[in-house]
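Participant: What follows is a protein structure lacking sequence information:
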């Protein structure tokens, strides 16, 4: 099991929090902690997670969500959203 | 100028170039159906919402355009879900519009209210809930863009009834320009070096090639490199079956030559495919000794299941055109692959008077032109089509690859006929699958759609029976369909012509008559219930360990512990009916 923390910036749009949490669950990760704040028109989320598939796999799936603007890892690696 | 939300939706669909929508009316979507009366495009009333979604899917696959379906709230919307999921699993561009109860009633458990946005979250590329008509220009523009751009997929727009009724001042929404992504030159140079050094390369073609209209680029690549090529179920027709370098479909029911080539290769170039479990078999042994170059538009597919050596994210045609080069050092490998191809060529010399489905399908492909659409349901007949119909063009073959939706074939064929009215649209189905959406025979009759149906009837759920025979110690559970209705009478009750055949000597004339028939027609074909699909890669096994119905390959024992799974029946016709 790999533990890691990611930071997500997302537009405040229909069901965006559900989309993110659903992706986390379906892709096989356990949610160990969550913080959510509103900054203007965006959500800032901090997710503490555990999973056997590792961080990049989940990050790529989260980046596919239309209203997700960026996903950043705890190690300050900024994942460029490409799609 | 003010218009109602419903009027705006119709206008917007027309501006998007929509030619046809497939749907079914009901309470919450009635304002839109009222506006549809003046629509400049066609509406096809299917007899079940699932039929509407699958017809939109078939239209999209056959045409390359976005398919559109619509339904009312509650059960109308939930009936669409299988069709939406089908499009999602195969990355098919679709916009599904659902009516929703009026916005003040949302969240009150109103009549025919369900949380469609929530229900469809896992099976859409994106979805929207519209409660204000002024949101429609942005939402519909984004829905069509999202459905078709990048890796395509279904987008659902759930629209509250009052948002359809209320008027608003239209402010057009302008989307930013799309920016095509291309692979970096430095990565491409590394890929070229790998290709130049390869001694045993294989090209692995996936459905992304069809979706991105990259077929011509792939064909050029194959012609220039003369690289042995295999295909997934969804990419059949990208490289014509007649091409000397084409080895066939890989995977669970792939050809031996295709699976051997991938197993033995030292470089696998995966183009628009996703290492699906039905294609790879035991993943750890799939191209285990090969470097992998993976070309895809979706970064999430890279390293998802198989670690790649080099990934080229971006436009497939661009990447392929920059990667291609003549390969001078692979003559020996080509010869090995082509020798395997010759050695393992299909045989159609089935003895007996009964009808051998693979042979019938091969005959059919020889009688049809390259524009003909063949849509399938799911099961043994689907695999026989993939194996024995020799596709020569992309978008000919319409099949539910990812979701495996029984009942896909007939509605998809209806969609294909609207996409390409001049072409034959032929359904190949089984007696299990056809019953899943048989109500769409009424759609054929209502609109005079000349879809042709070849119904293989073995009075059993054939693929389940095959697996129970091979992997569940012949413990047959709930597969018997011997009480099927008389299908020719069913078709005739819908006003569709029908004919029954059960002898091999009837096949050629029956197919000729079917293709010559100007109206819709069902050809009911009796086949042997014990016929199996071969080759077969047992679950959890490597593709190279495929079985052929007579004995395991390379001396491997069959699962029954004897020499082979099934000494009674073979693909090459032994004991065929």
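Facilitator: Sure thing, it's come through. If you're wondering where the values come from, they're calculated on a predicted model, not measured in any experiment.
Participant: Now for chain A: which helix has the highest residue count?
Facilitator: Ordering each helix of chain A by length in residues (DSSP state H) puts helix A:16-26 first.
Participant: hmm, that one in reach of chain B?
Facilitator: Yes: Helix A:16-26 reaches chain B (CB under 8 Å from any CB of the partner chain) through A:18, A:19, A:22, A:26. Every residue, glycine included, has its C-beta placed from N, CA and C.
Participant: Spatially nearest residue to the last one, not counting backbone neighbours?
Facilitator: Nearest residue to residue A:26 in three dimensions, chain neighbours excluded: residue B:122, at 6.5 Å (CB to CB, 6 or more residues apart in numbering or on different chains).
Participant: from memory the one you found sits against residue A:21, does it?
Facilitator: No: using CB atoms under 8 Å as the test, residue B:122 is too far from residue A:21 to be in contact (11.8 Å).
Participant: hang on, the earlier thing: what residues sit buried inside the longest helix of chain A?
Facilitator: Neighbour-count burial for helix A:16-26 flags A:16, A:19, A:20, A:23, A:24 (criterion: 16 or more other CB atoms under 10 Å in any protein chain shown).
Participant: Around residue B:189, how many other residues sit close by?
Facilitator: 12 (other CB atoms under 10 Å in any protein chain shown).
Participant: gap between it and residue B:210?
Facilitator: Going from residue B:189 to residue B:210 by CB to CB, to the nearest Å gives 28 Å.
Participant: now do residue B:339
Facilitator: Taking CB to CB as the measure, residue B:339 falls 30 Å from residue B:210.
Participant: if I read this right, residue B:45 contacts residue B:440, doesn't it?
Facilitator: No: contact criterion CB under 8 Å: residue B:45 and residue B:440 do not qualify, at 10.6 Å.
Participant: secondary structure element for the closest residue to chain B within chain A?
Facilitator: Chain A approaches chain B most closely through residue A:60 (3.9 Å), counting by CB to the nearest CB. Following DSSP states H and E, one finds residue A:60 within helix A:55-63.
Participant: Could you report the neighbour count for residue B:240?
Facilitator: Residues near residue B:240, counting by other CB under 10 Å, number 16.
Participant: Show the model's pLDDT score for it.
Facilitator: Listed pLDDT for residue B:240 reads 98.
Participant: any idea how far the nearest residue to it once chain neighbours are set aside is from residue A:6?
Facilitator: Using CB to CB, 6+ apart and skipping the chain neighbours, the partner closest in space to residue B:240 is residue B:392 (4.2 Å). Counting by CB to CB, the gap from residue B:392 to residue A:6 is 47 Å.
Participant: Repeat that for residue B:136.
Facilitator: Distance check for residue B:136 against residue A:6: by CB to CB, it reads 34 Å.
Participant: Among these two, which residue is more densely surrounded?
Facilitator: Neighbours per residue (other CB under 10 Å) separate residue B:136 from residue A:6, with residue B:136 holding more: 26 against 21.
Participant: Assess the claim that residue B:322 and residue B:186 are in contact.
Facilitator: No: between residue B:322 and residue B:186 there is no contact under CB under 8 Å: 11.8 Å.
Participant: still on that earlier bit, nearest to residue B:396, of the buried residues of helix A:16-26?
Facilitator: residue A:23 (34.8 Å; CB to CB).
Participant: quick one on the thing from earlier: in CSV, list the residues of helix A:16-26 next to chain B along with pLDDT.
Facilitator: Listed next are the residues of helix A:16-26 next to chain B as CSV, based on pLDDT from 0 to 100:
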residue, pLDDT
A:18, 98
A:19, 98
A:22, 98
A:26, 97
